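# Attaching a predicted model along with its sequence, questions to come.
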Amino acid sequence: MTAQTLFEKLWARHAVLDTDDGQTLLYIDLHLINEVTSPQAFDGLRLNNLQPWRPGAVLATSDHNVPTKAREAGITDAIARRQVEALERNCAEFGLKFFDMQDERQGILHVIGPEQGITLPGMTIACGDSHTTTHGAFAALAFGIGTSEIEHILSTQCLLLKKLKTLRIRIDGELPPYVASKDLALALIGTIGTAGATGYAIEFTGKTVAAMSMEARMTLCNLAIEAGARCAMVAFDDTTAAYLRGRPLAPTGAQWDAAEAYWRTLRSDPDARFDRELQLDAASIRPHVTWGTSPEMVTDVDGQVPNPESERDPVKRRGMQQALDYMGLEPGTPIRAIKLDKIFIGSCTNSRLEDLRLAADVVKGHKVADNIVQALVVPGSGLVKRQAEAEGLDRIFTDAGFEWRDAGCSMCLGMNEDRLGKGERCASTSNRNFEGRQGAGGRSHLVSPVMAAAAAIAGHFTDIRDL
Ligand SMILES: CC(C)[C@H](C(=O)O)[C@@H](O)C(=O)O
Ligand code: SF4
């Protein structure tokens with residue numbers, strides 16, 4: 001048999017049929033559903049008199065619109081409330097597993113899937129959310145989908161897709177202290193651009209990835225979509241197994257043993273051929289900070305805001321100028337001189353326990369700088385929150401002047417009460433820095449949790465080693 005990549009193995013295992021126009025109908029093992037992209041899909045089911053094909057393959061929760069404080073009081077914004085209530089009603093009507101916002105298991109879907117052990121190696125996973133790529137860290141094939149596809153999967157358990165090309169990104173070398181997989185991902189996007197991996201399924205390999213925690217791998221796969229990749233994955237190994245063992249919805253006993261035997265095959269064959277290969281040297285990566293309105297507009301903490309004049313491509317030059325105008329930044333400004341108004345530690349990129357531990361480690365014994373008007377820490381799930389509290393992380397943050405919130409997407413995007421005001425500048429551990437992303441007129445700089453924590457204390461960007 002010819003050697004196969006991990007992607008090809010997962011694809012072949014789930015292909016139901018190939019269509020005449022070059023697409024494949026893929027069987028979907030797990031369907032995650034949020035309140036934002038699902039309402040019309042459920043309306044479609046009702047309209048067409050359809051029932052979910054496999055209700056047990058669904059997990060739903062509200063994450064984008066939920067308030068992150070005073071939840072008992074309900075949701076004040078009418079649109080947000082309607083979406084959250086609709087999801088609850090739809091799940092009750094169609095018999096789907098749903099965590100409401102008072103449930104401790106609620107959180108951002110890309111945090112709670114793995115946390116619950118419902119995200120498993122070898123699965124195909126779909127969700128009406130672009131950051132579904134995150135789940136690929138578990139050697140799964142995980143895609144973001146649109147609303148019409150949600151309806152299609154609900155009613156048929158299948159997704160029609162064109163086969164992707166394969167891109168292996170090999171990362172070797174040891175990450176320097178305080179440099180995270182977030183910095184690696186930003187460095188990658190800075191190099192290949194936000195369309196650099198369009199049409200590809202990425203597999204992250206190499207010694208650096210093998211040495212990473214599941215949390216760090218999830219951050220890497222989470223950001224793959226910002227490089228244009230439709231999905232990203234990491235091979236199964238002992239780290240994957242150790243993370244999943246004992247999770248509430250993971251298999252147990254003989255079922256675990258049988259599953260693990262299969263999961264061990266979930267890696268690219270040694271002589272498998274990829275359509276494209278890239279290499280990164282982790283040892284050379286510095287902490288990264290975005291300066292513009294796209295994740296590819298990024299440099300390291302020792303860098304400066306670039307000068308559009310030095311860009312030869314006129315389209316790019318105009319884009320840079322527009323970004324600088326929006327961001328209120330002058331060319332040549334050292335990144336360290338950029339002063340901040342708000343800090344956001346959270347989002348499906350960086351709101352897991354490990355992220356909070358790393359940030360708390362930096363914050364411990366310090367105070368948030370006077371010029372910071374708000375510093376938020378938003379755990380990715382109720383269970384992350386509980387565990388962080390058991391470790392005393394909440395006190396470290398609140399003693400320093402951070403607000404400690406309930407789980408949700410929060411200030412990652414302006415769909416709930418946590419927002420930036422016009423002109424406010426934020427160091428954010430999230431994944432998108434588009435115009436208005438965190439609130440109309442808000443200015444977002446993407447960084448790692450350690451960098452956000454250090455910026456909170458200094459009041460401007462700084463290398464943790466300077467604190
Ligand atoms: C609202 C949702 C559809 C969207 C996504 O698809 O990613 C959001 O989560 C985001 O991060 O922009
Ligand atoms: S945390 Fe941000 S990126 Fe992740 S799903 Fe929510 S809005 Fe999208």
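Structure received. Ligands and ions are numbered 1, 2, ... in the order given.
# need the strands for the stretch 101-250 of the chain, in chain order.
Under the criterion DSSP state E, counting those that start in this stretch, strands of the stretch 101-250 of the chain are mapped to 124-127, 141-144, 158-162, 165-172, 200-205, 231-233.
# what comes into contact with the longest helix along the chain?
Criterion DSSP state H: the longest helix present in the chain is helix 78-94. For helix 78-94, the external contacting residues (Cβ atoms under 8 Å, 6 or more residues apart in numbering) are 33-36, 38-39, 42, 45, 51-52, 55, 60-62, 65-66, 74-75, 96-98, 100-101, 154, 415-416. Every residue, glycine included, has its C-beta placed from N, CA and C.
# who's in contact with the residue in the stretch 101-250 of the chain positioned nearest to ligand 2?
Taking Cβ to the nearest ligand atom, ligand 2 has its nearest neighbour within the stretch 101-250 of the chain at residue 131, 4.6 Å off. By Cβ under 8 Å, 6+ apart, residue 131 lies in contact with 110, 144, 222, 225, 348, 349, 431.
# could those go into CSV alongside distance to ligand 1, neighbour count and pLDDT?
Formatted as CSV, the contacts of residue 131 follow (distance: Cβ to the nearest ligand atom, whole Å; neighbours: other Cβ atoms under 10 Å; pLDDT from 0 to 100):
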residue, distance to ligand 1, neighbour count, pLDDT
110, 9, 31, 98
144, 6, 18, 98
222, 10, 28, 98
225, 8, 25, 98
348, 8, 26, 98
349, 10, 31, 98
431, 7, 27, 98
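# okay if I get the residues you listed as a markdown table plus distance to ligand 2?
Formatted as a markdown table, those follow (distance: Cβ to the nearest ligand atom, whole Å):
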| residue | distance to ligand 2 |
| --- | --- |
| 110 | 6 |
| 144 | 10 |
| 222 | 8 |
| 225 | 9 |
| 348 | 3 |
| 349 | 7 |
| 431 | 5 |
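# what's the most distant pair in the residues you listed?
144 and 349 (14.3 Å; Cβ to Cβ).
# Tell me the one among the contacts of residue 131 nearest to residue 245.
Nearest member of the contacts of residue 131 to residue 245, counting by Cβ to Cβ, is residue 110, at 20.4 Å.
# Count the neighbours of the residue in the stretch 351-467 of the chain positioned nearest to ligand 1 for me.
Nearest residue of the stretch 351-467 of the chain to ligand 1 (Cβ to the nearest ligand atom) works out as residue 413 at 5.5 Å. For residue 413, the count of nearby residues is 20 (other Cβ atoms under 10 Å).
# Repeat that for residue 207.
Burial of residue 207 is recorded as 13 neighbouring residues (other Cβ under 10 Å).
# For it, give me the pLDDT.
pLDDT for residue 207: 98.
# Kindly report the same for residue 198.
Reading off the model, residue 198 has pLDDT 98.
# How about residue 49?
Looking at residue 49, the pLDDT reads 98.
# Tell me which residues are up against the strand or helix carrying residue 357.
Using DSSP states H and E, residue 357 falls within helix 353-363. Identification of contacts with helix 353-363 by Cβ under 8 Å, 6+ apart yields 180, 213, 215-216, 219, 345, 377, 379, 384, 387-388, 391, 393, 396-397, 400, 402, 429, 449-450, 452-454, 456-457, 464, 467.
# 6 Å - rerun?
Under the contact criterion Cβ atoms under 6 Å, 6 or more residues apart in numbering, helix 353-363 has outside partners 213, 215, 345, 384, 387-388, 393, 396, 400, 449-450, 453-454, 464.
# same question, stretch 166-174
Stretch 166-174 has contacts (Cβ under 6 Å, 6+ apart) with 5, 7, 197, 200-209, 274-283.
# Show me those that map onto helices.
7, 207, 208, 209.
# buried subset of these?
7, 208, 209 (16 or more other Cβ atoms under 10 Å).
# Chain neighbours aside, what residue packs nearest to the last one?
Leaving out its chain neighbours, the residue that sits closest to residue 209 by Cβ to Cβ, 6 or more residues apart in numbering is residue 171, at 5.4 Å.
# I'd like to know how many residues surround that neighbour.
Residues within reach of residue 171, counting by other Cβ under 10 Å, total 24.
# Give the bridge partners for residue 125, please.
residue 30, residue 142 (DSSP bridges).
# So it sits against residue 143, correct?
No - between residue 125 and residue 143 there is no contact under Cβ atoms under 6 Å: 7.3 Å.
# In contact with residue 401, which residues?
367, 368.
# how distant is stretch 79-96 from the center of its chain?
In terms of Cα atoms, centre = their mean, to the nearest Å, the centre of stretch 79-96 is found 24 Å from the chain centre.
# Not counting sequence-adjacent ones, nearest residue to the closest residue to ligand 1 within the chain?
Distance from ligand 1 to each residue of the chain (Cβ to the nearest ligand atom) is smallest for residue 130, at 3.5 Å. Leaving out its chain neighbours, the residue that sits closest to residue 130 by Cβ to Cβ, 6+ apart is residue 144, at 3.9 Å.
# which bits of the stretch 51-200 of the chain sit near ligand 1?
Contact residues (Cβ under 6 Å from any ligand atom) of the stretch 51-200 of the chain with ligand 1: 64, 129, 130, 131, 144.
# at 5 Å what do you get?
129, 130 (Cβ under 5 Å from any ligand atom).
# who in the stretch 51-200 of the chain is up against ligand 2?
So far as Cβ under 5 Å from any ligand atom goes, the stretch 51-200 of the chain lies against ligand 2 at residue 131.
# low pLDDT regions in the stretch 151-300 of the chain?
Across the stretch 151-300 of the chain, not a single residue meets the criterion (pLDDT under 70).
# just the helices in it please.
Counting by DSSP state H, counting those that start in this stretch, residue ranges of the helices within the stretch 151-300 of the chain are 181-192, 207-211, 214-224, 238-244, 253-263.
# and among those helices, the most buried is which?
helix 214-224 (a mean of 27; mean count of other Cβ atoms under 10 Å).
# And this protein, what are its domain boundaries?
The chain breaks down into these domains under automatic domain parsing: 1-286, 290-466.
# Determine how far the last one lies from the middle of the whole chain.
It refers to domain 290-466. Centroid separation for domain 290-466 versus its chain: 15 Å, with Cα atoms, centre = their mean.
# ends of that domain, how far apart?
End-to-end distance of domain 290-466 (Cα to Cα, to the nearest Å): 19 Å.
# same check, this time on stretch 55-71
Terminal residues of stretch 55-71 are spaced 28 Å apart (Cα to Cα).
# Return the set of buried residues in that stretch.
57-68, 71.
# now do stretch 157-168
Neighbour-count burial for stretch 157-168, counted by 16+ other Cβ under 10 Å, picks out 157, 158, 159, 160, 161, 164, 166, 167, 168.
# what's the answer for stretch 314-326, then?
Those buried within stretch 314-326 under the rule 16+ other Cβ under 10 Å are 319, 320, 323, 324, 326.
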